[in-house]
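**Q** Predicted coordinates and the sequence they were generated for:
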Amino acid sequence: MSVHPFNEELATGTLSRERFQFYLVQDARYLVGFGRALAAAAAKAPEVDDVAFLAGAARDAIVIEREMHESYFKWFRLSETDLADIETSPTCVAYSSFLLATAHTGSYGELLAALLPCFWVYQSVGAGILARQSPETDNPYRPWIDTYAGDEFEATVRKGRDALDRAADAAGEATREKMLAAFTRACEYEWMFWDSAYRQEGWPTAAVR
Ligand SMILES: Cc1ncc(C[n+]2csc(CCO)c2C)c(N)n1
């Protein structure tokens, strides 16, 4: 499969500031829903180790990622008012709503399957982009790349995959099918999230409001 231009340009450092900024603003919003869905998964987890793991990831999603985003907002000189004026994109609403709907109506396994691509896709994409960096390239997006390409994050992804495998082993055929569907859909949303940032997606209805 070809690499999306958003990720290609992120790797080379040529991605426009507007596109990256759009991505970060939407991502900060997405992370709140993602954190809530992780907290719901923590509440549903049958094993206490997984409760701790998922609740920790929920906290990290809100705290660590916010810190990273705030540093970028300072860099981009975005104020709270500038931020408030930016509408949440259709794709961001759709992806966040999908996670929250799965949190409310899905089983533990289904929810875990919907959440795993957020970890796995970023680790895989981050590692791929890092492999293409050289000391000579002055990539302004390097802090973003480093967040998702480290060993610590790789261990987190492994824990998530392990929790998912245990949930799948304990599940019946019907639940496993739902897990696969949720996982696939979340992967599609991950792609769409980058694509929507590249297109700076707005609401098609904005002109007729
Ligand atoms: C659309 C979107 N999907 C996934 C991530 C990655 N991510 C966000 S929080 C977290 C784990 C920490 O709890 C990870 C891997 C993102 N930033 N934005």
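**A** Right, received. Where do you want to start?

**Q** pLDDT of the helix or strand hosting D165, averaged?
**A** Assigned by DSSP states H and E, D165 falls within helix 151-170. For helix 151-170, the mean pLDDT works out to 95.

**Q** which is the next helix or strand following it?
**A** The first helix or strand that comes after helix 151-170 along the chain, using DSSP H and E, is helix 173-199.

**Q** what angle sits between the helix holding D165 and helix 173-199?
**A** 150 degrees (axes from the mean of the first three to the mean of the last three Cα atoms, to 10 degrees).

**Q** Do any residues in helix 151-170 lie close to the ligand?
**A** No: Helix 151-170 lies out of reach of the ligand by Cβ under 6 Å from any ligand atom, never closer than 6.7 Å. Where C-beta positions appear, they are placed from N, C-alpha and C, glycine not excepted.

**Q** Show me how far that helix is from its chain's centre.
**A** The chain centre lies 16 Å from the centre of helix 151-170; the measure is Cα atoms, centre = their mean, to the nearest Å.

**Q** what comes up buried for that helix?
**A** 153, 156-157, 159-160, 163-164, 166-167 (16 or more other Cβ atoms under 10 Å).

**Q** What is that helix packed up against?
**A** helix 48-76, helix 108-130, helix 173-199 (3 or more Cβ pairs under 8 Å, 6 or more residues apart in numbering; DSSP states H and E).

**Q** what angle separates that helix from helix 48-76?
**A** Interaxial angle, helix 151-170 versus helix 48-76 (the same axes, to 10 degrees): 140 degrees.

**Q** Much appreciated, bye for now.
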